[in-house]
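Student: structure of the sequence below:
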Amino acid sequence: MSHVSEQPIDRITIPMLQRWKQDGRRLVMTTAYDAVAARIADPSVDIILVGDSVGNVCLGFENTLPVSVAMMNHHLEAVVRSKPRALLVADMPFLSFHVSVEETIRNAGGFLQRGAAAVKLEGGGKRIEMVQALVDCEIPVMGHLGLMPQSVNVMGGFKVQGRKADEALRLLDDAHRLQEAGCFALVLEGIPAELAARATKSLTIPTIGIGAGPDCSGQVLVFHDVLGLTGGHRPKFVRAYAEGFQQLHDALSRWAADVRGGAFPGPQESYRLPEGVEEAITNWAPFNPT
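Tutor: This next block holds a predicted model:
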C-alpha cells in the first residue's frame, strides 16, 4: 500500500480540535497581540489566542482588569490581518460578559465580525447563562477555570487554585457544566496536575493547560514567555525556549554602537545617485538673493 501524504491544512477548525483530542494528538496554543507575533507563531501552533493578557504583557498594566473591548478589537484586528491558519480565539475582557446577555452577545459577536473564530471567557457556574446565550447565537466559546486572572482580587493574587477538596470538586462540577452549556474547549490554569488530569479524563471536550500539569489535551503559554521576551521573574509553569529579552537588548546595543561609531549605515545600506547627477549637486550653491 503506497503512502499518502497528509494534505496541508488551509485553516484549523473546531471539529479538527475535537478529532485531535479523540486521536490523542496534543494541542498547542499561544498568544499573539499583533501581526508580527501571529506570523511567527502561526506555522507552529494550532490555536492563537488574542488574550486580555496583552494588558500586563504589553500595555504596562499590573493585571488584565483595565483591558477594554476597544483595546481587544485593536489587537484582534492586527492579528486577523496576518491571515493565520491557526484557530483564532479572542478573550472576552473584564465586564464585557457580566452586565447583560445582550451586551455579552454584542461584544462577542463583534469579535467574530472582526475575524475571530471563537471567544474565551473566564468563570464557572456564574457564567453558564452567558455561555449558553453565545452558543445559541452560533458563537463558539472556550471556557476558562482555575486561576482566573480577572478574579485576581477575589483570589488575593495569582495563586494556585483547587488545592482544597471543596475547590477541586467545584472545579470538576463547573467543567462539566461548561461542557454541557456548549463550550468546545476548556483552559485549566494554575491547578494541581492531578486535578487537571481528572478533569481531562472525565470530559469529552479538549482541555488546554497552563500551569496544570502534563495530562491536559494541550498546552498554552504566552508568546512572550516562550521566547523569554519579558525578562525578570518567571512563573514556575513557564519554560523559556529563548532568552529573547537579552538577545534583543544586545542586538539593539550593537546597532546603537555602530551608529555612534559611524559604522552604520554602510555602503550596503545606502542608495547611490545615477551617473552624472552627483556632479550636478556638487556644483550647486545655495541661492543668495543679496
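
Student: which regions of the protein sit below the pLDDT cut-off?
Tutor: 1-9, 289-290 (pLDDT under 70).

Student: quick check, central residue of it?
Tutor: Nearest to the mean C-alpha position of the chain, by CA atoms, centre = their mean, lies T31 at 1.8 Å.

Student: OK, contacts around it?
Tutor: 37, 48-51, 53-54, 57, 220, 222-224 (CB atoms under 8 Å, 6 or more residues apart in numbering). Yep, even glycine has a C-beta here, placed from its N, CA and C like the rest.

Student: and what of G231?
Tutor: 245-246.

Student: for the residue nearest to the centre of the chain, which residues make a bridge with it?
Tutor: L49 (DSSP bridges).

Student: circling back to that earlier point, among the contacts of T31, which are in strands?
Tutor: 48-50, 220 (DSSP state E).

Student: CA atoms only for stretch 207-224, dumped as PDB, please.
Tutor: Written as PDB, here are the backbone C-alpha positions of stretch 207-224 (Å, rounded to 0.1, in the frame of the first residue of the first chain):
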ATOM      1  CA  THR A 207      -8.600  20.800  27.900                       C
ATOM      2  CA  ILE A 208      -5.700  23.200  27.400                       C
ATOM      3  CA  GLY A 209      -3.400  23.600  30.400                       C
ATOM      4  CA  ILE A 210      -1.200  26.400  31.700                       C
ATOM      5  CA  GLY A 211       0.400  25.500  35.000                       C
ATOM      6  CA  ALA A 212      -1.900  22.500  35.100                       C
ATOM      7  CA  GLY A 213       0.500  19.600  34.600                       C
ATOM      8  CA  PRO A 214       1.200  17.300  31.600                       C
ATOM      9  CA  ASP A 215      -2.100  15.400  31.200                       C
ATOM     10  CA  CYS A 216      -4.300  18.100  29.600                       C
ATOM     11  CA  SER A 217      -5.300  17.700  25.900                       C
ATOM     12  CA  GLY A 218      -2.900  20.500  25.100                       C
ATOM     13  CA  GLN A 219      -0.800  23.400  26.500                       C
ATOM     14  CA  VAL A 220      -0.800  27.100  26.200                       C
ATOM     15  CA  LEU A 221       1.900  29.600  27.100                       C
ATOM     16  CA  VAL A 222       2.100  33.300  26.500                       C
ATOM     17  CA  PHE A 223       4.200  34.100  23.300                       C
ATOM     18  CA  HIS A 224       6.500  36.400  25.300                       C
END
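
Student: mind checking how far it is from the chain centre?
Tutor: Put simply, stretch 207-224 sits 12 Å off its chain's centre (CA atoms, centre = their mean, to the nearest Å).

Student: pull out the buried positions in that stretch.
Tutor: By 16 or more other CB atoms under 10 Å, the buried positions in stretch 207-224 come out as 207-213, 216-224.

Student: surely S202 touches Q179?
Tutor: No - judged on CB atoms under 8 Å, S202 makes no contact with Q179 at a distance of 9.3 Å.

Student: these two: who's more crowded?
Tutor: Neighbour tally, S202 and Q179, criterion other CB atoms under 10 Å: the higher count belongs to Q179, 19 against 12.

Student: contacts only, for that one.
Tutor: 186, 203-205.

Student: run the last query once more with 7 Å
Tutor: 203-205 (CB atoms under 7 Å, 6 or more residues apart in numbering).
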